[in-house]
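1. take this sequence and fold it.
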Amino acid sequence: MELVTDEKIRTKVLRSALKEEGFKFDSWVRCIHCGRPFQGDEMRVFKEGDSHLVYCKFPKCDGSIIDIVDADDEDFTEMFDS
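-> Residues are numbered from 1 along each chain as shown. Here you go, the predicted model:
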């Protein structure tokens, strides 16, 4: 598997994958594997053969696009307060 670094390809794959799962590109999501929230456009995209695979933002987590849940209604202000 190879990490996709071309932003144009990455964005196209993410938009399609998120839409297919019912999310907007900039939706807040939570990975059910690691429990951490992030925006959908932060997910990692890999190329394997002729396919693209979408994974959780966090490298130590193996959660994929099917392992995210909607988090748009959650309050993340504590993450940004100093």
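
2. where in the chain is pLDDT low?
-> Along the chain, the model assigns pLDDT under 70 to residues 72-82.

3. give me the most central residue, it.
-> When C-alpha atoms, centre = their mean is applied to the chain, the residue found nearest the centroid is M43 (2.9 Å).

4. do a quick rundown of the helices in this protein.
-> 7-20, 77-80 (DSSP state H).

5. now mean neighbour count and distance to V54 too, for those, in JSON lines please.
-> Placement of C-beta: from N, CA and C, glycine included. JSON lines is the format used below for these (neighbours: other C-beta atoms under 10 Å; distance: least, C-beta to C-beta, whole Å):
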{"stretch": "helix 7-20", "mean neighbour count": "15", "distance to V54": "5"}
{"stretch": "helix 77-80", "mean neighbour count": "6", "distance to V54": "23"}
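
6. okay, strands next: where are they in this structure?
-> For the chain, applying DSSP state E gives strands covering 2-3, 28-31, 37-39, 44-48, 51-55, 68-70.

7. tabulate those (a markdown table), appending distance to R15.
-> Converted to a markdown table, these look like this (distance: least, C-beta to C-beta, whole Å):
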| stretch | distance to R15 |
| --- | --- |
| strand 2-3 | 18 |
| strand 28-31 | 14 |
| strand 37-39 | 13 |
| strand 44-48 | 11 |
| strand 51-55 | 11 |
| strand 68-70 | 15 |
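
8. figure out which of those strands is closest to K19.
-> Among these, strand 51-55 comes nearest to K19, with 11.7 Å by C-beta to C-beta.

9. packing partners for that closest one?
-> Applying 3 or more C-beta pairs under 8 Å, 6 or more residues apart in numbering; DSSP states H and E, one finds that strand 51-55 contacts helix 7-20, strand 44-48.

10. out of the strands of the chain, which one sits most buried?
-> strand 28-31 (a mean of 21; mean count of other C-beta atoms under 10 Å).

11. parallel or antiparallel, list what pairs with it.
-> strand 37-39 (antiparallel), strand 68-70 (antiparallel) (DSSP bridges).

12. can you add distance to D67 and give the helices and strands packed on strand 51-55 back as JSON lines?
-> Below are those laid out as JSON lines (distance: least, C-beta to C-beta, whole Å):
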{"stretch": "helix 7-20", "distance to D67": "12"}
{"stretch": "strand 44-48", "distance to D67": "13"}
